[in-house]
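Colleague: my questions are about this predicted structure, shown below with the sequence.
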Amino acid sequence: MPVINSIAAFHSEMTAWRHDLHAHPELSMREARTSAMVRDKLAEFGVDDIIGGLAGHGLVGVIRSGTSGRAIGLRADMDALPIHEETGLEYASKNPGIMHACGHDGHTAMLLGAAKYLAETRNFDGTVYLIFQPAEEFEGGADKMVREGLFSRCPMDKVYGLHNWPEAPAGTFLWRTGPVMAAVGFFEIVVTGKGSHGAAPHQGIDPIVVSAQIVGALQTIVSRTIEPIEGGVVSVGSIAGGEAYNILPERVTMKGTARWFRPELGDKIEAGMNRLVKGIAGSFGATATLRFFRHAPATVNDTEATELAANAARTIAGDSAVREMRAPTMGGEDFAYMLNAKQGAYLMLGGGRTKDDPLLHHPKYDFNDEILPVGASWWATLAEQQLAKAE
């Protein structure tokens, strides 16, 4: 894994930053400590400006060099997930029920590493904007930053994002033009029946039985109403209702996610869910409501920007370690809002785990510290190549 030597020299510092972030995770829109830590580091590195207050705890470090009007944006996400950590690590989460289970601690540490290097060397001609975004998992932090003037306050030519991809070999880069990640929707279904004694179900309307029918029927939306060559997902991730062995509850609440690529498919999935949820509930004499909200559109990579990003990856990792993704993933990413507003690309960085290891969003997942210098070197190389000094 060839990396920039001066970045490799402070690998241990990046690891310490990452472990500190991992031990103090914060949920979307609550990243006060994380943002303060990033601000302190950027000030320590000597960046030229720090722009704060975007989307709550979002901030942008600004590094200038030379006289060119060219500019590039490099973005990392900072928030954690509502998961109780089970890694047993010395630096495990100190905040019960909150965990960096998606590697955003690593993303932030890598971008800080690039910031340290770029502020010291300034081997470029133009401006680098280091974007530390809150609320990627929930609350649409990227959308908020864009709507609050990110690109007008920080005028840049292109913007780039990077996500760790644990099941790919460590230090490899994955790229793809066009759709790379799916659009994301979340939903909440509330089924209301009539509570009764568990031994006398005929005296009530059992919302648990109704909910079971709905869960099964939701799987037919993709399999039976969407053209098979299209991609789509409807998954129920939470079912809550009742507290006792012998009491049928009054209501059940289900929560889940839907994924798609083309916007019209999102409309079709939402309409199908409405039809099934209300129709099935009504057929049992129950009622049901559906709340469906869209978190992010599909993440779509620009062809030119993707090639520039892949070239920087080849500089760091070599041709054989930079691979085209076979297909987009149904994972989602609100970086899509930035790509909708600005030319750019989103790549994956392999973490060297196997499919038998805990992966993203698992309570035992941990970011691989060995790839920290790789990601930081990619960020720095992107800036140096796209803002290259004149010969």
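Modeller: That came through, no problem.

Colleague: what about the longest strand in the chain?
Modeller: When the chain is parsed with DSSP state E, its longest strand is strand 178-192.

Colleague: what sits up against the helix or strand that that strand is followed by?
Modeller: If you walk from strand 178-192 toward the C-terminus, the next helix or strand you reach (DSSP states H and E) is strand 196-197. The contact list for strand 196-197 (C-beta atoms under 8 Å, 6 or more residues apart in numbering) reads 202-204, 206, 246-248. In this view, the C-beta of every residue, glycine as well, is placed from N, C-alpha and C.

Colleague: could you redo the last one with a cut-off of 7 Å?
Modeller: Residues from elsewhere that reach strand 196-197 (C-beta atoms under 7 Å, 6 or more residues apart in numbering): 203-204, 246-248.

Colleague: in strands, which of those residues fall?
Modeller: 247-248.

Colleague: what about the contacts of strand 196-197, which one has the most neighbours?
Modeller: Leu248 (23 neighbours; other C-beta atoms under 10 Å).

Colleague: so that residue makes contact with Gly195?
Modeller: Yes: between Leu248 and Gly195 there is a contact under C-beta atoms under 7 Å: 5.7 Å.

Colleague: what's the burial count for Val190?
Modeller: Applying other C-beta under 10 Å, I find that Val190 has 19 neighbouring residues.

Colleague: so who does it touch?
Modeller: Neighbour list for Val190: 251, 253, 288-289 [criterion: C-beta under 7 Å, 6+ apart].

Colleague: again, 10 Å this time
Modeller: 207, 211, 241, 251-255, 277, 281, 287-291 (C-beta atoms under 10 Å, 6 or more residues apart in numbering).

Colleague: what is it paired to in the beta sheet?
Modeller: Beta bridges link Val190 to Thr253, Thr289 when assigned by DSSP bridges.

Colleague: before we move on, the earlier item: for the contacts of strand 196-197, which one is nearest Ala341?
Modeller: In terms of C-beta to C-beta, no member of the contacts of strand 196-197 lies closer to Ala341 than Leu248, at 49.7 Å.

Colleague: contacting residues for that closest one?
Modeller: 193-201, 203-209, 241-242.

Colleague: what's the ChimeraX syntax to select whichever of those residues are buried?
Modeller: Of these, the buried ones can be selected in ChimeraX as follows, counting by 16 or more other C-beta atoms under 10 Å:
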select :193,195,196,204,205,206,207,208,209,241,242
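
Colleague: drop anything exposed from the contacts of Val190.
Modeller: 207, 211, 241, 251-254, 277, 281, 287-288, 290.

Colleague: pull the most distant pair out of these.
Modeller: Spatial extent of the buried ones among the contacts of Val190 (C-beta to C-beta) is set by the pair Gly241 and Leu290 at 16.0 Å.

Colleague: for the residue nearest the centre of the chain, grab phi and psi.
Modeller: Nearest to the geometric centre of the chain sits Glu333, at 4.4 Å (C-alpha atoms, centre = their mean). Dihedral pair for Glu333: phi -160, psi 120, per degrees, to the nearest 10.

Colleague: that one and His202, how far apart?
Modeller: Counting by C-beta to C-beta, to the nearest Å, the gap from Glu333 to His202 is 49 Å.

Colleague: and what of Ala217?
Modeller: From Ala217 across to His202, the span is 24 Å (C-beta to C-beta).

Colleague: which of those two has more neighbours?
Modeller: Ala217 (18 against 7).
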